[in-house]
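Engineer: requesting a structural model of the entry that follows:
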Amino acid sequence: MNQLAKIGRKQTILISISILLISLYTTYKYQSVYPEIQITKLISQIIRFLLTFGLLYLIYIGKKWAKVLIIVLFSISIPFALISLFVANIFIGNLIPVLVIVTIYSISIYHFAISKTFKAFFEYQNKKK
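Structural biologist: All right, here's what the predicted structure looks like:
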């Protein structure tokens, strides 16, 4: 593994951790608005988290379709998050998490679609097979 691929691997891991932390945060916020835990909604959030984890793992091992899927999903979610900033009556304290989500998703799109370090790591992962 060359230096570029090592940097790409490290960046991929850090971005994946950031995405998973966002997923945990949204699960917490989704459950915290209710006075008691909604089991069916919690189960759906756990399934969403596991699917996110699985998708990130598949990207890590070099699956092209997973990379394309996450780029498409994040590209769809960013405009919705930005629209919610202007349309919804959001308390100013809740704007920061939305901006963090938009930032992390934007960085992720750049990393998975354009970054030379990720491309080097992705090629390395595909050559291992």
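Engineer: which other helices and strands contact the longest helix anywhere in the chain?
Structural biologist: Ranked by residue count under DSSP state H, the longest helix found in the chain is helix 3-32. Secondary-structure packing of helix 3-32 (3 or more CB pairs under 8 Å, 6 or more residues apart in numbering; DSSP states H and E): helix 39-60, helix 95-113, helix 116-128. Every residue, glycine included, has its C-beta placed from N, CA and C.
Engineer: dump the ones you listed to TSV, plus mean neighbour count and mean pLDDT.
Structural biologist: Formatted as TSV, the helices and strands packed on helix 3-32 follow (neighbours: other CB atoms under 10 Å; pLDDT from 0 to 100):
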stretch	mean neighbour count	mean pLDDT
helix 39-60	14	94
helix 95-113	16	92
helix 116-128	17	91
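Engineer: and these as TSV, adding distance to L82?
Structural biologist: As requested, the helices and strands packed on helix 3-32 are exported to TSV (distance: least, CB to CB, whole Å):
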stretch	distance to L82
helix 39-60	21
helix 95-113	6
helix 116-128	24
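Engineer: any idea of the mean pLDDT in the longest helix of the chain?
Structural biologist: Helix 3-32 shows a mean pLDDT of 92.
Engineer: how far does it sit from the chain's center?
Structural biologist: Chain-centre distance of helix 3-32: 6 Å, with CA atoms, centre = their mean, to the nearest Å.
Engineer: so what's the residue nearest the centre of the chain up against?
Structural biologist: What sits nearest the mean C-alpha location of the chain, by CA atoms, centre = their mean, is I19, with 3.5 Å. Residues in contact with I19 (CB atoms under 8 Å, 6 or more residues apart in numbering) are 52, 56, 104-105, 108.
Engineer: pLDDT at I37, what is it?
Structural biologist: 82.
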